[in-house]
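J.: need the 3D shape of this:
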Amino acid sequence: MIFLKMLAGFLLGAIAGAALALALSLAAQEIFNISQMEGAYAMGVVFFYMPLGAVIGGIIGAAWTAMRRKRPS
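T.: Below you'll find the model as predicted:
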C-alpha cells in the first residue's frame, strides 16, 4: 500500500514539477528577453527543463508522501 501512495506522490510531483518548470521558463523568456530564433529555446524547455522539473518534482513528491506516512497518528 505504501508503494502505491509513493507512486501517486511521485506522479503528482512530476506533473507539478513539469508545470512549474514550464511556467518559470516562460517567465524567464519574458523577463530576460530570450530569443525565440528557430524555436531553439522552446526545444530546450520541452526536452530539458520540463523533464528535469518532472524528475525533481517526482522525487520531492515521493519523499513528501513517505515522510507523511512516518508521522505518529
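J.: show me the contacts for Ile60.
T.: Contacts of Ile60 were listed using CB atoms under 8 Å, 6 or more residues apart in numbering, and they are 13, 17. Placement of C-beta: from N, CA and C, glycine included.
J.: go with 7 Å
T.: Gly13 (CB atoms under 7 Å, 6 or more residues apart in numbering).
J.: so it versus Gln36, what's the distance?
T.: As judged by CB to CB, to the nearest Å, Ile60 and Gln36 stand 30 Å apart.
J.: tell me where the protein has helices.
T.: 2-31, 40-44, 50-69 (DSSP state H).
J.: make a markdown table out of these and add mean pLDDT.
T.: A markdown table is the format used below for the helices of the chain (pLDDT from 0 to 100):
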| stretch | mean pLDDT |
| --- | --- |
| helix 2-31 | 96 |
| helix 40-44 | 93 |
| helix 50-69 | 94 |
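J.: quick check: which of these is buried the most?
T.: Highest mean neighbour count of those: helix 50-69, a mean of 16 (counted as mean count of other CB atoms under 10 Å).
J.: for it, the distance to its chain's centre please.
T.: 8 Å (CA atoms, centre = their mean, to the nearest Å).
J.: that helix versus helix 2-31: what angle between them?
T.: 140 degrees (axes from the mean of the first three to the mean of the last three CA atoms, to 10 degrees).
J.: quick one: the spatially most central residue of the chain and Leu26, what's the gap?
T.: Closest to where the C-alpha atoms of the chain average out (CA atoms, centre = their mean) is Gly17, at 1.6 Å. Using CB to CB, one gets 15 Å for the distance from Gly17 to Leu26.
J.: next: Leu7.
T.: The gap separating Leu7 from Leu26 is 29 Å, by CB to CB.
J.: give me every residue that touches Ala14.
T.: Applying CB under 7 Å, 6+ apart, the residues contacting Ala14 are 54, 57-58, 61.
J.: again, only using 6 Å
T.: 54, 57-58 (CB atoms under 6 Å, 6 or more residues apart in numbering).
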